[in-house]
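Novice: how would this look folded up:
(3 chains)
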Amino acid sequence: MILTLVETDAAGATEVSLEAVTFGRTLARRTGGPVHALVVGARPDGVADQLAGHGVGEVHHATGEAFSAYGGAVWAAAVQAAMAATGAEAVVAPGSPRGLEVMAHLAARLDVPMAANVVGLGTEDDGEALRVTRQVMGGAALEEMLLPLRPAVLTVAGHAVQAEQVPAVSVTLREFSPEVTEADLVTRVVSTEPAAPDLSGALTSAKVVVGAGRGAGGAEGFAGVAELAELLGGALGVSRVVTSMGWRPHHEQIGQTGSRISPDLYIACGISGAIQHWAGCASSKTILAVNTDEAAPMVTKATYAVIGDMHEVVPAINAEIRRRRG
Amino acid sequence: MADVLVCIKRVPDVAGEVLLTSDAQAVDARFVGFTVSAHENCAVELAVRIATATGGAATVLTLGPEAAVEQLRAALAVGCAAAVHIDADPVGYGPVDVVREIAAVVETHAAEGRTYDLILLGNDAADTGDFQVGVRLAYALGWPVVNGVRTVEVDGGVATARGDGPDGVETYAVPMPAVVTVLEGGVEPRYPSVVGRMKAKKIPVETVAPRHEPLGPGRVRLTLPPAQPSTVEVIGAGPDAAPAVVDLLQRLGVAR
Amino acid sequence: MANLPRTARVVVIGAGIVGNCLVHHLARLGWRDIVQIDKGPLPNPGGSTGHASNFIFPVDHSREIADLTLDSMRQYKELGVFTESGGYEVARTEERMEELRRRMSSARAWGVPAELVTPDHVVERVPYLDKDQILGAFWTPSVGVVDSLRAGTLMRESALALGALTVVSTVEVIGMDVERGRIRRVRTTGGDIEADYVVIACGVWSPKLARMAGAAIPLTPAVHQMISVGPIPQLAERPGEISFPIIRDMDTFCYERQHGADMEVGSYAHRPILWDPEEIPSIDQARLSPTETPFTADDFDPQLEQALELMPDALAAEGAEIRYAINGLLSLTPDGAPILGETPEVKGLWSAAAVWIKEGPGVGRAVAEWMTQGYPEIDLHHSDIARFYPHQRTRAHVRSRTSEAFNKTYGIVHPGEQWAGERGKRLAPMHAAERAAGAEFFETVGWERPMWYASNETLLGEYGDAVMPREHEWDSRWWSPIINAEHLAMRERAGIVDLSAFAIFDVVGPAAEQAIQGIVVAQAAVAEGRVIYTPVLDARGGFRSDLTVMRLAHDRYRVVTGGLHGMADLKWFADHLPDGAAVVDRTSSFTTIGIWGPRARDILGRLTDDDISHTGFPFLTCRDIAVGSVGVLASRISYVGELGWELYVPMEQGARVWELLHEAGRPDGAVPVGIGVYGTTGRLEKGYRAFGFELDGERTIVEAGMARPKVKDADFVGREAYLAQRAAEPRAVLCTLTVDDHRSATGRNRYMLGGEPILTRDGGVLTDGHGHHPYVTSAGSAPSLGTHVLMAYLPPDQAVVGNRLAVSYMEELYPVTVGSADATPLFDPANERIRG
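Specialist: Prediction:
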């Protein structure tokens, strides 16, 4: 049996949780047995049916005052209790901050290994162990790892698999109130406030982001992209090399170690598209790349591309916008 | 007064294309050099700030090869007062192994009267991305743990930590001693000063041998992800593409 | 971005400072169809230009480098990218103060305003420097910083504006095609391009590119560490990039250069860290740029401490942090000079590499001129890529020499200083015998040449003070009074000299006479067995070489030339051959042994039955003779002004002839004589000029006083220019001067070593018709005259025998007198001794 930790929001199970369920089904085909899900604390209406549509036969719902606020340890206690009740051979969680944290707690409590950010399952398992492939180096490299089934604890990297619906199965909802210790309760969230805008706020909330990378060539090479951002009412962002070189301030950086953006349009100029940068801009709805190298990752991953030197292309775009505005 | 232990890891400073070592067990860093992750830089900064604010001391620890002393020195240069080097090849160490060695140091120090009120780590290692050393360390020590926060403050035996959750900024308040893992972005890590660098050179690094035979990380090998096939639509080349671009901008509704 | 054209007149590979300046100057000189490519993006494609500290100190001991630098500064100023800051080279030790005094000689010689100043002078302009750390400084007000990226962009734009240039960035060269010894095509990731000329201006990548065409550019990427510390309040309060003078902390091999609110500290003190050109990461693999490699902090820490010592107030200022630190890659060469010119391996393939920011525009101009007219205005023979012998092109040699040289970047390098590593590469056949005689070996292009022999120490007692001993350690470093003793013994009896370092090549074929006639100045249509000594000129009538040519047969000439420029001469001859002539390198076939002195004929006579009498073997003739049982080619010439011969001996029999001559010479007291006599004392007494010292591309036969009464009718390279020079008044005249008094202020006698400025008796500046200031081209003892001799080009009105002038040495004036204002030797002016 595979137990999947499902995170929810007001609309139901989160997308990454559904991805984890899908991965759980793949794993269940290997180990045999059904896929169960665990929901902790708040349970949105209809989530059980939603999960049934993803092949979950039984939903465990941990309830009680202990789960009124999030805490890694209490959540792990809930998972542990559900496992004890079901005899799960593996626990799968989404590769979200909470999924990772709860699985780390669980692995520590069970004293078993944990595989973070799994993207695939090897075909040849090694006796008692699964051979999993997982993201390392922030996704820039993969690791093949042996994960023992005693039980196996893992998280599934976001967007590594696509959530797949199946003909709905009949689903059982089982509520339970696991016992938790005082020590587990200590590390719960004590208060939550709406996020205050930070320095990169303009960047993360912008509908249009114009990005520039190494192709800018130097601190003086940003005039064109800055103008384009202004013309489109958007924000200027840069790649890591630009801030490393000291050409632009750090708060403008997009990427794994900078801001993560999700604009309607991201115009990436002179950016090769290293994985660290991609991690910060992959959620953009549309990407237009301007690059001299048509083989650059930024170009091949983009929706649209213009092949050319940003110092020639961007001023021409600016001029065209101004011309059409009269 | 809060004494803080901050744990860091020497990792390749990869920015672009990743190269693997010939045995595929690690990343080849010859072109990029080594660093510690942005999370850990913030953890060091927080450790130094807490130590300064409370009149305590920050100690930096790493498990790594001899060369990892370079990263310890970098932390000493920005204000850590002591350094511990667990001399081991991290390639053969899994999260459980690393935790056992850190815990052994903490317990040894405690037995010598050097206790820590707070242990800070990065949220995850930039290379192996295991996301579990901090949590496991807390269990090994029997301390509470808070994960993925951007700031930590210490007041009267309580560590208050804040980080981003799904619904906004979450606050945790845990009794010390505690373990906290840090996500970058809450503080701007300082760079070393010249004087700091000079001082760091003179601080002795405590080198300890590992206590346990490592179980290993379960790693079979590293691979590089396959290149994604291109689905891009090339709409032009050079400045002549400008009208097509502006057409697109108008179609997407971002330009009038 | 433009597409890569399919053809070009010239492809310039590289868009760093060198490639950018080169395309500008090529366009200015009329070239069209220029295509410039780079694998990186513009304006900073990721090479060494992108991380350069961009400051320029104009004074260098090398005239060639100083002239390139001064020309570059002029060009940077014209572009509006030069900011004058002034610069101090500070001394922490008395030894360094002496070196700064020597630097003053170079400043005066090249006409760069500079002065030696007190610590107070320094702190007045650089208040954050601790004056107790220094003894004094060398102040150059014209020091400044440039924007090398902006300069490059402007240079490209000027060529683009002329319609002469197509620039294609992010295109990488993957191969080069050579057909029949000539470059044909460059293959790139953007397609192939056919070209008549290709220039490699790729800095640290140049060796990799050259290799694609089967050529060698012997440089190595090497790390220069640099950090940036800031913000520093003292710097921040003044606007602009730089307003404080740059400090070179010479004794710690460091510099401190303001960059806005930050201080850049760079070092040449750390261990040499060399990279392979093939191992430089791609742009995608690099963290910053391919030439900004990971900083190794441990290597820098000692320098940081010294820098802190020098300017504690600035570097330890509140809030100042180390924000940027790199191991930057730059290019180093085995001899420290740039690598310029057409590669000897591939026609049409040029190198413009191993150039610093301070020389970039000057090199761009010079190489463009060279490609256009066959010669650059500034003599570049020290930088000529053709200078390298095969062993000098190997990576092992490059790595060894650059490792040794790296820490000498700011070092105090004696003009006679010898290399410690990569020695014993080319050994004369009599090397063992020389070693047994206690030879002190000096290296020239790989050859181990005895400078003097310890076995001759006994002569010191014989000649007493006539050997002109030197009291000061600097003057006598890499020198021995034994040289002068050997000189006197040769003049009195006979000396035997190992001249194995000569480069020897034959010009053969039915057109051999036509070939030689077309290349050399002297009449070469001479009888077989005649020897000619002749200048070789370039098209503007500047010296390419001076050498001897022997006519061995109707279709064979043998050229003997100095080892230092032998390879460049070989290329020059090969490049100027008509059909029907070929050049064959014989350097490794023959060793050359010289025997000169009043007893030379007696000694050689004991070993041969051939007629070697004055009438039987006249001066300036050559022929095969038997020395014992060894057949040798003997040539009756002399570079030391004595009766005698050069014997060209098959290499494997050299040791035997060496031994035979010594045995035969013993009754006459013949001694082995080192290069100290042959190259300096013997030739200076005779006023013989040497290429690279008195003679180079900027000097003429007329000014060197070497004009003969007539010019041959046959055409030769430079003839037209030479005729014009003869018709005009010379603007400078080569003179020989003698030092009248060696006594310094401290009471010790001082002896000049070369490079010192010649001034009026009271220290006034002299200027010749070229606008140059006279300096000592060669200096050395004249033991037979009992005086120290200097050569210098003087303004014509000063070139009068008996004229009383002064030489400045270590910032003291010494009186000198013009002894000769033409080629007339001070010693044996009638040349009677050569007749014997």
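Novice: near chain C, which residues of chain A?
Specialist: Applying CB under 8 Å from any CB of the partner chain, we find that chain A lies next to chain C at A:214-215, A:217-218, A:220-221, A:241, A:244-246, A:270, A:272, A:274, A:292-293, A:307-309, A:311-312. C-betas here are computed from N, CA, C, even on glycine.
Novice: with just CA atoms, put stretch A:113-121 into CSV.
Specialist: Extracted C-alpha coordinates of stretch A:113-121, given in CSV (Å, rounded to 0.1, in the frame of the first residue of the first chain):
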residue,chain,number,x,y,z
PRO,A,113,16.3,7.0,4.6
MET,A,114,14.4,9.6,2.6
ALA,A,115,14.6,10.5,-1.1
ALA,A,116,13.8,14.2,-1.8
ASN,A,117,12.5,15.4,-5.2
VAL,A,118,12.1,12.1,-7.0
VAL,A,119,11.4,12.4,-10.7
GLY,A,120,11.3,8.8,-11.7
LEU,A,121,11.5,5.2,-10.8
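Novice: thinking again about what came up before, so which of the residues of chain A next to chain C belong to helices?
Specialist: Mapping these onto helices (DSSP state H) picks out A:241, A:244, A:311-312.
Novice: need these in TSV (columns: pLDDT, distance to chain B and neighbour count).
Specialist: TSV is the format used below for these (pLDDT from 0 to 100; distance: CB to the nearest CB, whole Å; neighbours: other CB atoms under 10 Å in any protein chain shown):
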residue	pLDDT	distance to chain B	neighbour count
A:V241	81	6	25
A:S244	75	7	18
A:H311	92	10	25
A:E312	91	5	19
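Novice: would you format those as CSV with distance to B:G157 included?
Specialist: Converted to CSV, those look like this (distance: CB to CB, whole Å):
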residue, distance to B:G157
A:V241, 44
A:S244, 40
A:H311, 58
A:E312, 62
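Novice: which of the residues of chain A next to chain C are buried?
Specialist: A:214-215, A:217-218, A:221, A:241, A:244-245, A:270, A:272, A:274, A:292-293, A:307-309, A:311-312 (16 or more other CB atoms under 10 Å in any protein chain shown).
Novice: on the three-state scheme, C:A325 is what?
Specialist: Three-state assignment for C:A325 (DSSP: H, G, I helix; E, B strand; the rest coil): strand.
Novice: that should have said A:T204, apologies.
Specialist: Applying three-state DSSP: A:T204 is helix.
Novice: quick one: it and A:G258 touch, right?
Specialist: No: the pair A:T204 / A:G258 is not scored as a contact, 10.0 Å apart, by CB atoms under 8 Å.
Novice: more crowded one of the two?
Specialist: Each of A:T204 and A:G258 has its neighbours counted (other CB atoms under 10 Å in any protein chain shown); A:G258 has more, 26 against 18.
Novice: against C:G80, how distant is that one?
Specialist: Counting by CB to CB, to the nearest Å, the gap from A:G258 to C:G80 is 36 Å.
Novice: what do you get for C:V640?
Specialist: Distance, C:V640 to C:G80, using CB to CB: 55 Å.
Novice: those two: who's more crowded?
Specialist: Counted by other CB under 10 Å, C:V640 and C:G80 do not tie: C:V640 has more neighbours, with 27 against 11.
Novice: report the contact partners of the more buried one.
Specialist: C:V640 makes contact with C:490, C:495, C:594, C:596, C:677-678, C:682-683, C:686 under the criterion CB atoms under 8 Å, 6 or more residues apart in numbering or on different chains.
Novice: filter the residues you listed down to just the ones in helices.
Specialist: Going by DSSP H, the helices hold C:490, C:682-683 from the contacts of C:V640.
Novice: now tell me which helix or strand of the chain has the poorest mean pLDDT.
Specialist: Chain wasn't specified; assuming chain A. helix A:201-205 (a mean of 72; mean pLDDT, DSSP states H and E).
Novice: looking at chain B here, not the other one
Specialist: Scoring the helices and strands of chain B by mean pLDDT, DSSP H and E places strand B:233-237 at the bottom, with a mean of 90.
Novice: can you tell me if the next helix or strand after that one touches chain C.
Specialist: Counting by DSSP states H and E, the next helix or strand C-terminal to strand B:233-237 is helix B:242-251. No: Helix B:242-251 is not in contact with chain C by CB under 8 Å from any CB; minimum separation 14.2 Å.
Novice: residues touching helix B:242-251, excluding its own?
Specialist: Residues contacting helix B:242-251 (CB under 8 Å, 6+ apart): A:232, A:265, A:288, A:304, A:306, A:313, A:316-317, A:319-321, A:324, B:235-236, B:255-256.
Novice: so where's the stretch 151-300 of chain A uncertain?
Specialist: Along the stretch 151-300 of chain A, the model assigns pLDDT under 70 to residues A:195-201, A:257.
Novice: try it again at 80.
Specialist: For the stretch 151-300 of chain A, the stretches flagged by pLDDT under 80 are A:159, A:195-202, A:204-205, A:244-246, A:250, A:256-260, A:274-276, A:279, A:283, A:295.
Novice: ranges for the helices of it?
Specialist: In the stretch 151-300 of chain A, helices defined by DSSP state H, counting those that start in this stretch lie at A:182-185, A:201-205, A:223-231, A:240-244, A:275-281, A:297-301, listed in chain order.
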